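Asks: A structural model of the following input is requested.
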Amino acid sequence: MCCIYGRRSQRTTCWRTLSSTTRTRKWYGRPPRLREGRPEDADFAKVAFGFVRDNISHSWDAKDPRVTLSASDVLRQGVGLCCAKAHLLAGLLRAQGVPTGLCYQRLTDDGEQFDVHGLTAVYLDGAVASP
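Replies: Numbers count the residues shown, from 1 in each chain. Predicted structure coming up:
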């Protein structure tokens, strides 16, 4: 994914990269307008999180055999595991200049078999997390 701290022209290029392969979703050809009316990064981050949560199915929960990894694949196909959904959220936030990182956790129930869980970390200057 591109556009970690890019200027507006780089963000536009990033959105074109992210959405240029999207053919089946209602936001084809342009990014979802999640930032409109939300100048504060914290407000935008909440909306972006909700967008990914509500519009992208978790592959395991949906019993969908498709495997997506990149943000553009997740957006195009509408499904992804936790890592893939985290990639999309990071791409949406980074494209709008919000500093974002990807995190991975090793999870286990028995101490022998491990799964990897993916999540997104967002730096919100001066923001306070709400419960």
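
Asks: contacts, neighbours, all on C-alpha from now
Replies: Noted.

Asks: distance of the most centrally placed residue in the chain relative to residue 110?
Replies: With distances taken as Cα atoms, centre = their mean, the residue of the chain nearest its centroid is residue 89 (1.4 Å). According to Cα to Cα, to the nearest Å, residue 89 and residue 110 sit 30 Å apart.

Asks: check what pLDDT the nearest residue to residue 78 once chain neighbours are set aside gets.
Replies: Closest residue in space to residue 78, ignoring its immediate chain neighbours: residue 56 at 4.8 Å, by Cα to Cα, 6 or more residues apart in numbering. We have a pLDDT of 92 for residue 56.

Asks: same question, the one 10 residues further on
Replies: As predicted, residue 66 sits at a pLDDT of 89.

Asks: wait, it sits on residue 59?
Replies: Yes. Between residue 66 and residue 59 there is a contact at 7.2 Å, judged by Cα atoms under 8 Å.

Asks: return every residue with contacts to both of these two.
Replies: The contact sets of residue 66 and residue 59 overlap at 79, 80 (Cα atoms under 8 Å, 6 or more residues apart in numbering).

Asks: more neighbours: those two, which one.
Replies: residue 59 (19 against 13; other Cα atoms under 10 Å).

Asks: contacting residues around residue 117?
Replies: Per Cα under 8 Å, 6+ apart, neighbours of residue 117: 82, 83, 104, 105, 106, 107.

Asks: what pLDDT does it get?
Replies: For residue 117, pLDDT reads 90.

Asks: next, work out how far apart it and residue 34 are.
Replies: Residue 117 is 26 Å from residue 34, by Cα to Cα.

Asks: cool, and residue 76?
Replies: 17 Å.

Asks: please apply the same query to residue 50.
Replies: For residue 50, the distance to residue 34 - Cα to Cα - is 10 Å.

Asks: and for residue 65?
Replies: 29 Å.

Asks: repeat for residue 82
Replies: 21 Å.
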